[in-house]
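Undergrad: when you get a sec, could you give me coordinates for this:
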Amino acid sequence: MNRHRIPSIRHRFIEASGVRVFYRESEPVEAGDDVPTILLLHGFPSSSHQYRRLMDALGSQYRLIAPDYPGFGHSDAPTSTNEGGSFVYSFDRLAEVIEGFVDALGLKRFVLYAFDFGAPVGFRLASRRPERIAGLIVQNGNSYLEGLSDIARDFIALEPEDEGAVEQVRQLLTLEMTRGQYVGGTGDPELVAPDGWTMDQHFLDRPDRRQPQIDLAFDYKSNLSRYGEWQQWLRGKKPPTLITWGRNDPFFTEKGARAFLADLPEADLHLFDTGHFALEESLSEIAPLIADFVDRIWTKA
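TA: Numbers count the residues shown, from 1 in each chain. Next up is the predicted model:
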């Protein structure tokens, strides 16, 4: 196999659970029914665009599939119930759509890449469809209380009726904050291209995208009540796991990365001196780890 070939990336839409979902899909050189498949779940405030360089790096070897959640990227943004619509923007609903997406594509087995929002979405999916999870890659995707920084805890505790709470969430949707999530904690900000935060802000500034983000911000606390359930799944199923973590993440701390080892003592843990969006600065180090991990576990799982 020519591992240096630049892959073809398809950009498609598919109907999933009543939502038109946009996704990117790489075409590996050696296609087949058992080609290793990785489902890439993005974070906040991003989209499948955040995986563009990873797909270029590994897409010739593996089938990489990266969807946009409802209200993110190029996927549809149904009107929120809080604006008179019928769509509930919650992590339960996002997971339902991604489960429908997996079914629509006929994905029977895949490695789950869980980053940021992708952790609560992905772990909901994994706990419902454990037979489909060939392995787990966690990158700054928290599932333990000890992994939450004080900043994260204070933000998650906000309630819509609290004075100034909605305005605090709106401040998170500004260009300054979006850029800060990309370059904060990095060793060399010049290695982080502005394309990521510029693309994210383009979608955040659309009128139909503000309320979904506010709804999800206030729903984030629903994930904390599920941590015990997901930890039990990890202990019981012990999926092969690779953990790559930007240790300078202001929201999800290094303690959150190490906490996985209590339930997954055989997991591979790699920490990087970068921030939340670790792939932006450390792709050249992380991509080979992913390739080695997938090659080792795919035929064994």
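
Undergrad: what are the boundaries of the strands in this protein?
TA: 8-16, 19-27, 37-41, 63-67, 110-115, 133-139, 241-246, 268-272 (DSSP state E).

Undergrad: can you redo those as JSON lines with mean pLDDT and mean neighbour count?
TA: Backbone N, C-alpha and C define where each C-beta goes, glycine included. Output for these, formatted as JSON lines (pLDDT from 0 to 100; neighbours: other Cβ atoms under 10 Å):
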{"stretch": "strand 8-16", "mean pLDDT": "97", "mean neighbour count": "14"}
{"stretch": "strand 19-27", "mean pLDDT": "97", "mean neighbour count": "20"}
{"stretch": "strand 37-41", "mean pLDDT": "98", "mean neighbour count": "25"}
{"stretch": "strand 63-67", "mean pLDDT": "98", "mean neighbour count": "26"}
{"stretch": "strand 110-115", "mean pLDDT": "98", "mean neighbour count": "25"}
{"stretch": "strand 133-139", "mean pLDDT": "98", "mean neighbour count": "25"}
{"stretch": "strand 241-246", "mean pLDDT": "98", "mean neighbour count": "24"}
{"stretch": "strand 268-272", "mean pLDDT": "98", "mean neighbour count": "16"}
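
Undergrad: what's the closest of those to residue 154?
TA: strand 241-246 (20.8 Å; Cβ to Cβ).

Undergrad: what helices or strands is the closest one leaning on?
TA: Packing partners of strand 241-246 (3 or more Cβ pairs under 8 Å, 6 or more residues apart in numbering; DSSP states H and E): strand 133-139, helix 254-263, strand 268-272, helix 278-297.

Undergrad: looking at those, which one is packed in the most?
TA: Comparing the helices and strands packed on strand 241-246 by mean neighbour count (mean count of other Cβ atoms under 10 Å), strand 133-139 comes out on top with a mean of 25.

Undergrad: which residues touch it?
TA: Identification of contacts with strand 133-139 by Cβ atoms under 8 Å, 6 or more residues apart in numbering yields 36, 38, 109-115, 119, 126, 237, 239-246, 257, 260, 278-279, 286, 290, 293-294, 297-298, 301.

Undergrad: export the strands of the chain to TSV and append columns for distance to residue 204.
TA: TSV is the format used below for the strands of the chain (distance: least, Cβ to Cβ, whole Å):
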stretch	distance to residue 204
strand 8-16	21
strand 19-27	16
strand 37-41	19
strand 63-67	18
strand 110-115	18
strand 133-139	22
strand 241-246	22
strand 268-272	26
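
Undergrad: of those strands, which approaches residue 193 most closely?
TA: Across those, residue 193 has its closest neighbour in strand 241-246 (16.2 Å, Cβ to Cβ).

Undergrad: what's next to the closest one, contact-wise?
TA: 135-140, 185, 234, 254, 256-257, 260, 264, 266-272, 274-278, 281-282, 286, 289-290, 293.

Undergrad: follow-up on the earlier one: want to throw the helices and strands packed on strand 241-246 into TSV with distance to residue 199?
TA: Compiled in TSV, the helices and strands packed on strand 241-246 are given as follows (distance: least, Cβ to Cβ, whole Å):
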stretch	distance to residue 199
strand 133-139	19
helix 254-263	26
strand 268-272	23
helix 278-297	12
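
Undergrad: quick one: closest of the ones you listed to residue 207.
TA: helix 278-297 (28.0 Å).

Undergrad: show me what that closest one packs onto, helices and strands only.
TA: When contacts are defined as 3+ Cβ pairs under 8 Å, 6+ apart, helix 278-297 packs onto helix 52-58, strand 133-139, strand 241-246, strand 268-272.
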